[in-house]
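S.K.: Need a 3D model of the sequence below.
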Amino acid sequence: MSEAVLSKRTLRDVFKHFPAETERALRFLVDDYELNGPEYTDIVLPAIAFMGSGVRYRVMLDLSDQVVLVHVEIDAGSGTLVAHLEDVVVKAGLAKPGIMSDRVHNLSTLHRALDSRAAYIRSLHPLLVGGAAIELMRKAGARERRG
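M.R.: Below is the predicted model of the structure:
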């Protein structure tokens, strides 16, 4: 089988299994932290969201770049602060830059990417439900979405 055909097939598998694998990796957010979800959308990119009191994690699959993206969203007064998980993790001192640069091109790499992000979310979550969440998000370069 040619590499191009194999690549298309494996990316289809990644797309097909993304919702279930994301739910598997992040189930602890529901079980341990009592967040709601998963909520699936696919307006621009396939996305799975877990949300709780003032915090949301939005996990997206970008097949064109072959990456799993995670946005952290914190309610902040009249709007929402949104930042990339890696930026927040780095500013929280939990890791160095470049930790989430892995490509997702098959089910094995999808598992690794989701499990890695889940581990960082598990470490980060307690910091995002405390009083310093907004300051941490601003340090991470969060953009503010109004409304």
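S.K.: okay, CA-based contacts and neighbour counts for the rest of this
M.R.: Will do.
S.K.: so which strand or helix has residue 22?
M.R.: According to DSSP states H and E, residue 22 maps onto helix 3-31.
S.K.: which strands and helices sit next to that helix?
M.R.: strand 36-41, strand 47-52, strand 55-62, helix 107-128 (3 or more CA pairs under 8 Å, 6 or more residues apart in numbering; DSSP states H and E).
S.K.: Can you check which of these gets nearest to residue 135?
M.R.: Distance to residue 135, taken as CA to CA, is lowest for helix 107-128 among these, at 9.8 Å.
S.K.: Give me the buried positions along that closest one.
M.R.: For helix 107-128, burial by neighbour count (16 or more other CA atoms under 10 Å) applies to 107, 110-111, 113-115, 117-118, 120-121, 124-125, 128.
S.K.: Next, the buried residues of the helix or strand just after it.
M.R.: Following helix 107-128 in sequence order, the next helix or strand is helix 133-139 (DSSP H and E). By neighbour count on 16+ other CA under 10 Å, the buried set for helix 133-139 is 133-134, 136-138.
S.K.: which pair in those residues spans the largest distance?
M.R.: 133 and 138 (8.6 Å).
S.K.: quick check: angle from the helix or strand of the chain with the lowest mean pLDDT to strand 47-52?
M.R.: Within the chain, no helix or strand scores below helix 3-31, which has a mean of 83 by mean pLDDT, DSSP states H and E. Per axes from the mean of the first three to the mean of the last three CA atoms, to 10 degrees, the angle that helix 3-31 makes with strand 47-52 is 10 degrees.
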